[in-house]
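>>> Just need the structure, nothing else, for what follows:
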Amino acid sequence: MNVRRSAAVVAVLAATAGVGTGLGTGFAPAALADDTAPAAPSASPSQAIPTGLYGSTDPKFDGVWRQSLTLVALDAVREKPGAGAVDWLLGQQCADGAFAAYRPDPTARCDAKTAVDTNSTAAAVQALAAVGGHDARAERAVGWLKDHQNDDGGWGFTAGGPSDANSTSVVIGALAAVGEAPDGQKKAGHSPYDALRALALPCAAGTEGGGAFAYQPDTKGGLAANADATAAAVLGSLGEGFVVDAGKTGDSGGASTCAGGTSPEDAAHNGAVYLAGALTSDGYLTSALAGAEDQPDLGNTADAVVALAAAGDTDATAKPLAWLEKNYGPWAAKSGPAAYAQLILAAHAAGTDPRDFGGADLVARLTETGPARDVADYRSVPSDDTADGGGDDGGIATGVVLGAGLGLAALAGAALTRLTRKRRRA
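Now for the predicted structure:
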């Protein structure tokens, strides 16, 4: 769930790894420091931000990711998305169900050159499940994810790529979002939990990195503790997605000792023990670029709050949350909607009001990064769920055009229409 990685670094990683580009959970094995990484490039006048998309920076590497995280965060706080926001996301889907980080021309058919990835696809599933009304689209995306599960039970960033903790965890969140049991999704006899267990470092007193998760094994099969991967894997091991509701958490209870079992819950507990111990005395996690001094990592710190809350260690969330309240401003302003969404989800998980976060309204700041809100309920816009899907992108593109027209009609009737939003989640 990290948004601090710059588009420039992502492009370099993609080029050297020979994979599709994207700006989502688990793209890189090492987190980049928030304050030292350059900001994502702003869109030029010739690259106008598409209607309905949140944020003002070039969406090439993170369009679907930031839109999905935004929709999930808004739904968590019962806030309505901006006009056309859901339709924009729907328009990004390929006929086979997958999503790329961004498709500038949603009317063009996806082909072998379309850089679809598991992170964008799984994030979109969670967003569509949150807003409701698009079950067929979400199930199509889940089907694509299932088709590309690795034999070890996990997923890599690209289809068929080596499994990593972040990608596997975001897919677990997608499965849970559509009501499927992650442990029942097996390939070659292995579930996603098996893939995460293989990336967990032994948890023992005095062991460096004990309890943490690695992003991936190194070339020799060794595991190195990674806070980014650990925060994601705690949620994945608990079968949680992006949203953790306060009070519906695990049973870590603030314990600082390792669990001796091998269950997913034990692995999550141990991951939370590692995260709590990795926080500085001021309450934040650190990361650094090669050759640079350690820097506060706001993205990882926000994710750690969610993970600790999910594991039941609510006491450990207080200090990092307080630190974020005082220091998030420049980072979130530079990073945009996904950063505000992360903070909202952290506050929500810890039981803090995101509308009064250090005296600021995070929800208002997030909504300001996108289009004006719909007046009519966005679920009144027809989806492709009543169509046959057709097997090509034509139906998707048509839905975008139709949705845009209906969105304008809804705005024109603003003074007359206001429908009550029905939440998917109790």
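>>> so which helix or strand takes in residue 277?
In this structure, residue 277 sits in helix 264-278 according to DSSP states H and E.
>>> Just the C-alpha atoms of that helix, please, in PDB.
Output of helix 264-278 as PDB, limited to C-alpha atoms (Å, rounded to 0.1, in the frame of the first residue of the first chain):
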ATOM      1  CA  PRO A 264      -1.400 -18.000   9.800                       C
ATOM      2  CA  GLU A 265      -2.600 -16.300  13.000                       C
ATOM      3  CA  ASP A 266       0.600 -17.100  14.700                       C
ATOM      4  CA  ALA A 267       2.600 -15.700  11.800                       C
ATOM      5  CA  ALA A 268       0.500 -12.500  11.900                       C
ATOM      6  CA  HIS A 269       1.100 -12.200  15.700                       C
ATOM      7  CA  ASN A 270       4.800 -12.600  15.200                       C
ATOM      8  CA  GLY A 271       4.800 -10.000  12.400                       C
ATOM      9  CA  ALA A 272       3.100  -7.600  14.700                       C
ATOM     10  CA  VAL A 273       5.700  -8.200  17.400                       C
ATOM     11  CA  TYR A 274       8.400  -7.300  14.800                       C
ATOM     12  CA  LEU A 275       6.600  -4.100  13.700                       C
ATOM     13  CA  ALA A 276       6.000  -2.900  17.200                       C
ATOM     14  CA  GLY A 277       9.700  -3.500  18.000                       C
ATOM     15  CA  ALA A 278      10.900  -1.800  14.800                       C
END
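>>> helices or strands up against that helix?
helix 192-197, helix 227-237, helix 298-310 (3 or more CB pairs under 8 Å, 6 or more residues apart in numbering; DSSP states H and E). Placement of C-beta: from N, CA and C, glycine included.
>>> out of these, deepest packed?
Mean neighbours per residue, mean count of other CB atoms under 10 Å, is largest over the helices and strands packed on helix 264-278 for helix 227-237, with a mean of 32.
>>> helices or strands up against that one?
helix 165-177, helix 192-197, helix 264-278, helix 298-310.
>>> I'd like the ones you listed laid out as JSON lines, including distance to residue 138 and mean pLDDT.
Output for the helices and strands packed on helix 227-237, formatted as JSON lines (distance: least, CB to CB, whole Å; pLDDT from 0 to 100):
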{"stretch": "helix 165-177", "distance to residue 138": "8", "mean pLDDT": "98"}
{"stretch": "helix 192-197", "distance to residue 138": "18", "mean pLDDT": "98"}
{"stretch": "helix 264-278", "distance to residue 138": "24", "mean pLDDT": "96"}
{"stretch": "helix 298-310", "distance to residue 138": "22", "mean pLDDT": "97"}
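>>> quick one, which of those helices is nearest to residue 56?
helix 298-310 (18.8 Å; CB to CB).
>>> so what's the nearest residue to residue 165 once chain neighbours are set aside up against?
Leaving aside its sequence neighbours, residue 165 sits nearest to residue 229 (CB to CB, 6 or more residues apart in numbering; 3.9 Å). Going by CB atoms under 8 Å, 6 or more residues apart in numbering, residue 229 touches 26, 29, 164-166, 199, 212-215.
>>> With distance to residue 57 as extra columns, can I get the helices and strands packed on helix 227-237 in JSON lines?
Listed next are the helices and strands packed on helix 227-237 as JSON lines, based on distance: least, CB to CB, whole Å:
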{"stretch": "helix 165-177", "distance to residue 57": "22"}
{"stretch": "helix 192-197", "distance to residue 57": "32"}
{"stretch": "helix 264-278", "distance to residue 57": "29"}
{"stretch": "helix 298-310", "distance to residue 57": "15"}
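>>> Ok, which of these comes nearest residue 321?
helix 298-310 (5.5 Å).
>>> Can you list the residue ranges for helices in the stretch 201-350 of the chain?
Ranges of helices within the stretch 201-350 of the chain are 227-237, 264-278, 298-310, 318-327, 329-335, 337-350, based on DSSP state H, counting those that start in this stretch.
>>> Now find how far off-centre the shortest one is within its chain.
Between the mean C-alpha location of helix 329-335 and the chain-wide mean there is a distance of 18 Å, by CA atoms, centre = their mean, to the nearest Å.
>>> Okay, buried residues for that helix please.
Neighbour-count burial for helix 329-335, counted by 16 or more other CB atoms under 10 Å, picks out 331-332, 334-335.
>>> among the helices of the stretch 201-350 of the chain, which is nearest residue 181?
Closest to residue 181 of the helices of the stretch 201-350 of the chain is helix 264-278 (CB to CB; 11.8 Å).
>>> how far is the closest one from where the chain is centred?
Distance, centroid of helix 264-278 to centroid of chain: 20 Å (CA atoms, centre = their mean).
>>> Identify each buried residue in it, please.
264-276, 278.
>>> Format the residues you listed as a markdown table; extra columns: distance to residue 143.
Shown next, in a markdown table, are those (distance: CB to CB, whole Å):
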| residue | distance to residue 143 |
| --- | --- |
| 264 | 24 |
| 265 | 28 |
| 266 | 31 |
| 267 | 28 |
| 268 | 27 |
| 269 | 32 |
| 270 | 33 |
| 271 | 29 |
| 272 | 32 |
| 273 | 36 |
| 274 | 34 |
| 275 | 33 |
| 276 | 38 |
| 278 | 37 |
